[in-house]
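Novice: Based on what follows, work out the 3D shape:
(one chain, ligands or ions: 2)
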Amino acid sequence: MLPARPLADFLNAEAAQLAEACTRCGKCVEVCPVVPFGPMAPVPPQDVVEPVAAFLAEGRPMSEAAGAWTAACNGCGACLPACPEAINPRKMLMLAAAKQSRISSKTPELFRRMSRSIKIMIAMQLVPQEFAKLFVPARPREAAMVFYLGCNALRTPHLLFNTMFVLDALDVDYEVVGGPSSCCGVISTKWEGAVSTGQRVTNNTISQFEGFNPEKVLNWCPTCQLHLGETLDGYRKTSFSFDHVTAYLVSRFDDVKRLIVGPVARRAVLHIHAGCIEVGHAVERLLRAVPGLDLADMVVESGYTCGGSGCSRSPELAAIEHAALLDRVRETGADTLVTLYHGCHAIFAGAEGEGTFEVLNFTDILVEAMGGIPHQDMLKRYRLLDDWEMIVTEAQPYLRANGIEIDDDWLKRHGPDILASAEFKGGLDCLGVAAARAQRP
Ligand code: SF4
Ligand code: SF4
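Specialist: Numbers count the residues shown, from 1 in each chain. Ligands and ions are numbered 1, 2, ... in the order given. Predicted coordinates:
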């Protein structure tokens, strides 16, 4: 079913409604954890939020403090219960960020750069059959479920194959939708300010879901969860429910428990996020069903995820919280740090180099508890090698097998930025249009 109105009209209407309901009381700013780390810190809370509401209502340019607050929002959600008007300040800032990027985007060509970066990263980690599973769209058929990966989770493919192991063990009838050809549209709409492109991308992906006529779309990516489930809530009617895959696993908790066949003897600290706390709690419940697993602590980080659109928006706060997490792992004597999302795993995988604990994703633990062998975590292997001579030597056979010819020197030069998702900070020019033109004969 096509939407009744253009996405730009929907976003403008949502923005106008929120701006009208907002009394500019500043309570959301008072509780916001990113505020102390930017130029908005000394500004009275009402004066931080007022220009955001005015920007959304009448297009008045935002002040430095309001613009910085909008750019730094890590999606933690602390402002939601603080708002006396029961409106959603996080959504207000998402809409302000999207509107600001329509005026001037700090990350033009992000989608192009991100797509190429993701393709290189998964081609460095997977054999061709697995590469095709994530990158080549499945043929439409009737399927009870769609497992939706989003785009950036493909950078850490092992946790997606682990999740598929669990879905297979539960005998779920599903098809996989994911990769840049099935983006939720957030990159175009929020980061590039290209709403008409965002509308096309979002509708194309929803149509891909509908091609399977599923009852449920089981989502992995927290950014897709916020974009499709919160920012675009009400934009388009769908015939399926959309929720995180861990909610589905919890809904089948007794079946999951029956499939757990062995102990996983570890003492672990679980890392979760306040912005999608229900996902963290779902993972905790699943892990507590694993015999032998001693959850020594659960550390809740603000933000809705680690990475470009989450904690990286407020890097000083992220550095403090990440240091506190690693301290907690050391203090508890845990032998395992358990990560939540792909962004978290990509950031913390290298911490295993300390030598006193392993970094595993929660899906690694579930697969092991079900008697399986977790998928090889090549991203962690590359992070731990931390030597681009050696990484290139290991990665080239995978790249060539997947039909990607890359010069060794080019990969050594740009590989660190590709692994660091530098395009979200305006980097990786080498994957942009100008670089592609320069390479043409
Ligand atoms: S979601 Fe978190 S970071 Fe964003 S405005 Fe609300 S409290 Fe601040
Ligand atoms: S708490 Fe709610 S009403 Fe008050 S300024 Fe923030 S969004 Fe507006």
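Novice: Find the nearest non-adjacent residue to the residue in the stretch 301-441 of the chain that ligand 1 sits nearest to, please.
Specialist: At 6.6 Å from ligand 1, residue 302 is the closest residue in the stretch 301-441 of the chain, using Cβ to the nearest ligand atom. Where C-beta positions appear, they are placed from N, C-alpha and C, glycine not excepted. Take residue 302 and drop its neighbours on the chain: the residue closest to it by Cβ to Cβ, 6 or more residues apart in numbering is residue 76, 3.9 Å away.
Novice: Could you tell me whether the one you found really is in a strand?
Specialist: No: counting by DSSP: H, G, I helix; E, B strand; the rest coil, residue 76 falls outside a strand, being coil.
Novice: just checking, the residue of the stretch 301-441 of the chain closest to ligand 1 touches residue 72?
Specialist: No: the pair residue 302 / residue 72 is not scored as a contact, 11.4 Å apart, by Cβ atoms under 8 Å.
Novice: does ligand 2 sit close to the helix or strand harbouring residue 101?
Specialist: Secondary structure assignment for residue 101, by DSSP states H and E: helix 89-103. Yes: with Cβ under 6 Å from any ligand atom as the criterion, ligand 2 is reached by helix 89-103 at 89, 92.
Novice: Run a quick neighbour tally on the residue nearest to residue 302.
Specialist: Residue 76: 26 surrounding residues under other Cβ atoms under 10 Å.
Novice: Ok, residue 409 next?
Specialist: Using other Cβ under 10 Å, residue 409 is surrounded by 9 other residues.
Novice: Tell me how far it lies from residue 415.
Specialist: The gap separating residue 409 from residue 415 is 10 Å, by Cβ to Cβ, to the nearest Å.
Novice: Check for me that residue 270 belongs to a strand.
Specialist: Yes: under three-state DSSP, residue 270 falls within a strand.
Novice: Identify the residues contacting it.
Specialist: For residue 270, the contacting residues are 280, 283-284, 287, 295, 297-299, 338, 340, 362, by Cβ atoms under 8 Å, 6 or more residues apart in numbering.
Novice: Over to residue 283?
Specialist: Contact analysis of residue 283 by Cβ under 8 Å, 6+ apart lists 246, 270, 272, 340, 362.
Novice: State the pair within the residues you listed that is farthest apart.
Specialist: Greatest spatial distance among the contacts of residue 283 (Cβ to Cβ): 246 and 270, at 12.5 Å.
Novice: circling back to that earlier point, who touches the following helix or strand past the helix holding residue 101?
Specialist: Using DSSP H and E, the helix or strand that follows helix 89-103 in sequence is helix 110-123. If you take Cβ under 8 Å, 6+ apart as the criterion, helix 110-123 is touched by 131, 134-135, 151-152, 154-155, 157, 179-180, 183, 187-188, 191-192, 197, 379, 398-399, 402, 404, 406, 418-419, 421, 423-424, 428, 431-433.
Novice: so which residue of the stretch 151-300 of the chain comes closest to ligand 2?
Specialist: Residue nearest to ligand 2 within the stretch 151-300 of the chain (Cβ to the nearest ligand atom): residue 230, separated by 14.7 Å.
Novice: what number of residues lie near the nearest residue to that residue once chain neighbours are set aside?
Specialist: Excluding its sequence neighbours, the residue lying closest to residue 230 (Cβ to Cβ, 6+ apart) is residue 91, at 6.0 Å. Using other Cβ under 10 Å, residue 91 has 18 other residues around it.
Novice: Look up how far residue 324 lies from residue 89.
Specialist: Residue 89 sits 25 Å away from residue 324, going by Cβ to Cβ.
Novice: Which one's more surrounded, these two?
Specialist: residue 89 (25 against 11).
Novice: For the stretch 1-150 of the chain, what lies in contact range of ligand 2?
Specialist: Residues of the stretch 1-150 of the chain found near ligand 2 (Cβ under 6 Å from any ligand atom) are 22-28, 49, 82-83, 85, 87, 89, 92.
Novice: Just put these in TSV and tack on secondary structure, distance to residue 307 and pLDDT.
Specialist: What follows is those, written out as TSV (DSSP: H, G, I helix; E, B strand; the rest coil; distance: Cβ to Cβ, whole Å; pLDDT from 0 to 100):
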residue	secondary structure	distance to residue 307	pLDDT
22	coil	28	97
23	coil	33	97
24	coil	31	97
25	coil	31	98
26	coil	29	98
27	helix	28	98
28	helix	23	98
49	helix	26	98
82	helix	25	97
83	coil	26	98
85	coil	31	96
87	coil	27	94
89	helix	22	97
92	helix	22	97
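Novice: The helix holding residue 101 and ligand 1 in contact?
Specialist: Yes: counting by Cβ under 6 Å from any ligand atom, ligand 1 has neighbours in helix 89-103: 89-90, 93.
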